[in-house]
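[1] from the sequence below, what's the structure:
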Amino acid sequence: MLLLFAACGEFFIRAPLRLLHGTEWNDFLSPYIQSRAWLEGSDPYNLENFVKFWPHDKPIFTFVKKDAAAGTLAFNRGVPSPYPITSFVVLVPFGLLPWNAAETLWLLLNLSALLFVIGGLVALAGVPWRDIRAWVFAAFSFGLAPIHTGLFTQNPIILVLALGVAALYAVRKDREGMAALALTIAICLKPQVGLCFVIFFLVQRRWKPVIACCGMSGAIFLLAVARLAAAEAPWWISYLNVSHSVFARGGINDFTPANPIWFHMMNLQVALFPLLARAAANILAVTVGLGFAVLWLLCALKRGRDSDHLLTLSALAVISLLPVYHRFYDAALLMFPMAWAVMGSRLPRKAAWSTLGLATLFFTPGGVLISKVAERTHLSAAFLNNWWWRSFIVAHQVWALFLLAIVLLIAMRRAGRDSVNEQVRNSESAEPVPQAI
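    Numbering: from 1, shown residues only. I've put the predicted structure just below:
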């Protein structure tokens, strides 16, 4: 219980307490504004429209007008955000509200989503709350720094995780329509995370929720496009320009040190760039991610539909973080491997302890913390620009994800082999059926 109190104390300080002091700039502001623009039939990716639809009950920042006029708003600030156009349809209920009401509702929804994820994973693991493992997992979840960052920045990651857990639970209860709806909203809000759950259901041969999800997602996309087409808003070109700006060298989503906040990224390119050229780092990261994905698929297909779902989904979640753009808060996906390591049945002991050990590295915002300490101690530029400092010290959490993916893949392989051996033993021990004479 002491562990739980300590974790809850850290959680309260790093998330709710900071939120009580207010956040002037957050990840919900841009999609909220863009949703309002979409409602009016205006291009949601246009810089001028971002200023035009700024909420009346929130003072506009000076830099927003200045960067919008210079055309550098997306490059410097990442807004208008290159969220999928489907997200603006999903966020329409918030766009209809004044900013203060919408932000309050969004915060309450995300806090509720976190509690739902914790409770949902405990239920999926089949562990009762009287079992100490459930409380240990809750403590680890509240102590996870990406959760704090996700809530504080008001990013949709926590809500998307809750939707994924809801889909898993709905399928278990044979409510495939509810599962499809949860998957659809998850993909529309954050496709790079929501697709993990869709791929998982595909491998599990849960065809109905996947097909229904694809149909509903397609319908939402067509609705989003039709609204802007009717208003003759040229959104596609604006979307491409915004996407190019945020990922350009030095842009806010660039994984190289040309971006002042490059250490916020969690994709493998961040750790590889100090060792390789930019293009080579990108190619190698994608290659590693695809290689891990193939190994995961082979293991998952061998294990079958009734295998350990938490382990299978945990490995996929970690692998998905490596090849493409992800920020620190997306490492909230580590809730799945932590749930498996703490509450799984018949765990490989070494794999479980290795998983927990690597996950505990995310109890602090490592890269950000190290960079701030280095800045305040005035370390020399030659030291800070060293390849080993950038790759292995600042980006140590990226390497932790890389190692964790390997640990979970090995655990999947061994679990599949043990399952096959057990089936063989059961068949050999079965009594022979008497033959008719």
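
[2] so what's residue 277 up against?
    Contact analysis of residue 277 by CB atoms under 8 Å, 6 or more residues apart in numbering lists nothing. To be clear about C-beta, it is placed using only N, CA and C from the backbone, and glycine gets the same treatment.

[3] redo that, cut-off 10 Å
    Listed by CB atoms under 10 Å, 6 or more residues apart in numbering, the contact set of residue 277 reads residue 283.

[4] next, it: phi, psi?
    phi -70, psi 160 (degrees, to the nearest 10).

[5] list the contacts of residue 180.
    Counting by CB under 10 Å, 6+ apart, residue 180 touches 167, 170-171, 201, 206, 208-217.

[6] that one and residue 203: what is the separation?
    Separation of residue 180 from residue 203 (CB to CB, to the nearest Å): 17 Å.

[7] same thing with residue 66?
    In terms of CB to CB, residue 66 sits 49 Å off from residue 203.

[8] which one of these two is surrounded by more residues?
    residue 203 (19 against 12; other CB atoms under 10 Å).

[9] what sits closest to that one if chain neighbours are left out?
    When the adjacent residues along the chain are set aside, residue 203 lies closest to residue 300, with 4.6 Å between them (CB to CB, 6 or more residues apart in numbering).

[10] thought that neighbour was touching residue 316?
    Yes. The criterion here is CB atoms under 10 Å, and residue 300 meets it with residue 316 at 7.9 Å.

[11] what is in contact with the two at once?
    In contact with both residue 300 and residue 316: 199-200, 203, 412, using CB under 10 Å, 6+ apart.

[12] take those residues and write them to TSV, including distance to residue 108 and secondary structure.
    Output for the shared contacts of residue 300 and residue 316, formatted as TSV (distance: CB to CB, whole Å; DSSP: H, G, I helix; E, B strand; the rest coil):
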residue	distance to residue 108	secondary structure
199	31	helix
200	29	helix
203	34	helix
412	37	helix
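
[13] of those - the most surrounded one?
    Neighbour-wise, the shared contacts of residue 300 and residue 316 (other CB under 10 Å) top out at residue 412, 25 neighbours.

[14] just to check, that residue is in contact with residue 310?
    No. Judged on CB under 10 Å, residue 412 makes no contact with residue 310 at a distance of 11.1 Å.

[15] check contacts around the spatially most central residue of the chain.
    What sits nearest the mean C-alpha location of the chain, by CA atoms, centre = their mean, is residue 330, with 3.4 Å. For residue 330, the contact set (CB under 10 Å, 6+ apart) comprises 146, 149-150, 155, 157, 160-161, 190, 192-193, 265-267, 317, 320-321.

[16] just the buried ones from these?
    146, 149-150, 155, 157, 160-161, 190, 193, 265-267, 317, 320-321 (16 or more other CB atoms under 10 Å).

[17] from these, pick the one nearest residue 121.
    residue 161 (9.4 Å; CB to CB).

[18] tell me the helix or strand right after the helix or strand that the closest one is a member of.
    According to DSSP states H and E, residue 161 maps onto helix 157-172. Using DSSP H and E, the helix or strand that follows helix 157-172 towards the C-terminus is helix 176-189.

[19] counting neighbours, show which residues of stretch 61-81 come out buried.
    64, 67-68, 73-81.

[20] now the terminal residues of stretch 142-159, how far apart.
    Taking CA to CA, to the nearest Å, stretch 142-159 runs 15 Å from one end to the other.

[21] same question for it, mean pLDDT?
    In this model, stretch 142-159 has an average pLDDT of 95.

[22] low-confidence stretches in this structure?
    Low-confidence segments of the chain, defined by pLDDT under 70: 1-3, 22-23, 303-307, 416-437.

[23] just the strands in it please.
    Counting by DSSP state E, the chain forms no strands at all.

[24] any chance of the buried residues of stretch 61-81 in TSV, with distance to residue 108 too?
    Listed next are the buried residues of stretch 61-81 as TSV, based on distance: CB to CB, whole Å:
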residue	distance to residue 108
64	26
67	31
68	31
73	29
74	30
75	33
76	31
77	26
78	25
79	24
80	25
81	22
